[in-house]
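[1] Provided below for reference: sequence and predicted model.
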Amino acid sequence: MNHHLIIIAGPTAVGKTALSIQLAKHYMCPVISADSRQFYKEMSIGTAKPSIEEMEGIAHYFIDNKSINDVYNIGEYEKEAIELIEKLFLEHDTLILVGGSGLYINAILNGLDEFEEIPTIIRENLIKQYTEKGISFLQEELKQRDFIYYEEVDTNNPQRMMRALEVCICKGKPFSEYRTKVKKTRNFNSIPILINTSRAILYDRINKRVDEMISSGLVEEVKSLHHKNQLNALNTVGYKELFSYLENKISLQEAIELIKQNSRRYAKRQLTWFNHQGDFETFEPSEIEKIKSYINIIIEHS
């Protein structure tokens, strides 16, 4: 098989974007995003999208391709991304997929599990309880019913948690057990790479990135979206904390500290997910030549 998809995964702020652009220039190929927050064109500063200058002329896909008003899910992403990948492989032998959204990367690598229909009453009850009790209800329920998936999932995403809870309730066993893990056949070889560094360095990078976002106008960006704060796309780190500030629930400094804290927690969950996969080769973000050598060896022997 002559087609290779290089996957650059890792926690937030570790340096995936810079590395992917370096690799894209080396292999003369485009970059496909697997960052579920960067799909939305209204969210730029808080999602750390690469700027036109940072892209350095490299074609990027699945960035600014949706509106926060759109209903978009992982199943649609899998279908659209696989179609695009197959099309791009007509012109390129190598492509790069980059992002920190583990479930989206897994959808490309292995495909999604397909579940039978869940009774509507189960979802209606979950929505009712979520509306009455808030997201903490979903978090606690999932933690009790399926701790393995609780450790993997974005616990600020009510839709994903409700989907897992539907299966837990309907089947009477954890969602993580019910998943078949049967891989779909792909017409390309995957080269999964995990970028990571020491916790101290990563947390420092996260804190500095948040400060840079604030300096770049994150408060103004969030303010412009405040009237749509009920949308699921905006229920994410960097936005929800500043919504609380704009609603006079906390001070700006408290909001900034919460963004840093929640970003660090998110990074920890990302690493937990990727470390559970077992098929990612780990490198420091600065080890560009070592990464190229590793990729070249796999390409040469496949």
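    Sure thing, it's come through.

[2] where exactly do the strands run in this protein?
    Ranges of strands in the chain, per DSSP state E, are 4-9, 31-33, 60-61, 94-99, 189-195, 281-283.

[3] and the fifth one, which strands flank it?
    Meaning strand 189-195. Partners of strand 189-195 in the sheet, by DSSP bridges, are strand 4-9 (parallel), strand 281-283 (parallel).

[4] what's the angle between the first one and strand 94-99?
    Regarding strand 4-9 and strand 94-99, their directions subtend 20 degrees when assessed with axes from the mean of the first three to the mean of the last three CA atoms, to 10 degrees.

[5] Just the helices from the chain, written as ranges.
    16-27, 52-55, 74-88, 102-110, 120-133, 135-145, 147-152, 158-171, 175-178, 199-215, 218-225, 240-246, 252-277, 288-300 (DSSP state H).

[6] Can you mark which positions in the longest one are buried?
    Buried residues in helix 252-277, counting neighbours by 16 or more other CB atoms under 10 Å, are found at 255-256, 258-260, 262-264, 266-267, 269-271, 273-274, 277. All C-beta atoms are positioned from the backbone trio N, CA, C, and that covers glycine.

[7] Next: the second one.
    With burial defined by 16+ other CB under 10 Å, the residues of helix 52-55 counted as buried are residue 55.

[8] Kindly report the same for the fifth one.
    Within helix 120-133, the residues scored as buried using 16+ other CB under 10 Å are 122, 123, 126, 130.

[9] what's next to it, contact-wise?
    Outside helix 120-133, the residues within contact range by CB atoms under 8 Å, 6 or more residues apart in numbering are 137, 138, 158, 162, 165, 166, 169, 170.

[10] What average pLDDT does it get?
    Helix 120-133 carries an average pLDDT of 87.

[11] Give me the distance from that helix to the chain's centre.
    26 Å (CA atoms, centre = their mean, to the nearest Å).

[12] re the thing from before, ranking the strands paired with strand 189-195 by burial, who's on top?
    Stretch with highest mean neighbour count among the strands paired with strand 189-195: strand 4-9 (a mean of 24; mean count of other CB atoms under 10 Å).

[13] gap between the residue nearest in space to the middle of the chain and residue 22?
    Per CA atoms, centre = their mean, the C-alpha nearest to the average position across the chain is that of residue 101, at 1.9 Å. The spacing between residue 101 and residue 22, counted by CB to CB, to the nearest Å, is 21 Å.

[14] about what we covered before: quick one: which of the strands paired with strand 189-195 is nearest residue 174?
    strand 4-9 (24.3 Å; CB to CB).

[15] angle of that closest one against helix 74-88?
    Relative orientation of strand 4-9 and helix 74-88, computed by the same axes, to 10 degrees: 140 degrees.

[16] Identify the residues contacting strand 4-9?
    16, 19-20, 23, 27, 34, 85, 93-100, 102, 105, 108-109, 188-195, 274, 280, 295, 298-299, 302.

[17] can you rerun that using 7 Å?
    Outside strand 4-9, the residues within contact range by CB atoms under 7 Å, 6 or more residues apart in numbering are 16, 19-20, 23, 85, 93-100, 105, 188-195, 274, 280, 295, 299.

[18] Need the CA coordinates for it. PDB is fine.
    Taking Å, rounded to 0.1, in the frame of the first residue of the first chain, the C-alpha atoms of strand 4-9 are listed here in PDB:
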ATOM      1  CA  HIS A   4       0.400   6.900   4.100                       C
ATOM      2  CA  LEU A   5      -1.600   9.000   6.600                       C
ATOM      3  CA  ILE A   6       0.700  10.500   9.200                       C
ATOM      4  CA  ILE A   7      -1.300  11.200  12.400                       C
ATOM      5  CA  ILE A   8       0.100  13.900  14.700                       C
ATOM      6  CA  ALA A   9      -1.800  13.700  18.000                       C
END
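
[19] per-residue confidence at residue 158?
    83.

[20] List the contacts of it.
    Residue 158 makes contact with 130, 135, 138, according to CB under 7 Å, 6+ apart.

[21] ok, now residue 276?
    residue 152.

[22] For the strands of the chain, could you give me TSV that also reports distance to residue 230?
    What follows is the strands of the chain, written out as TSV (distance: least, CB to CB, whole Å):
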stretch	distance to residue 230
strand 4-9	31
strand 31-33	25
strand 60-61	29
strand 94-99	26
strand 189-195	34
strand 281-283	39
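
[23] nearest to residue 206, of these?
    Distance to residue 206, taken as CB to CB, is lowest for strand 189-195 among the strands of the chain, at 14.1 Å.
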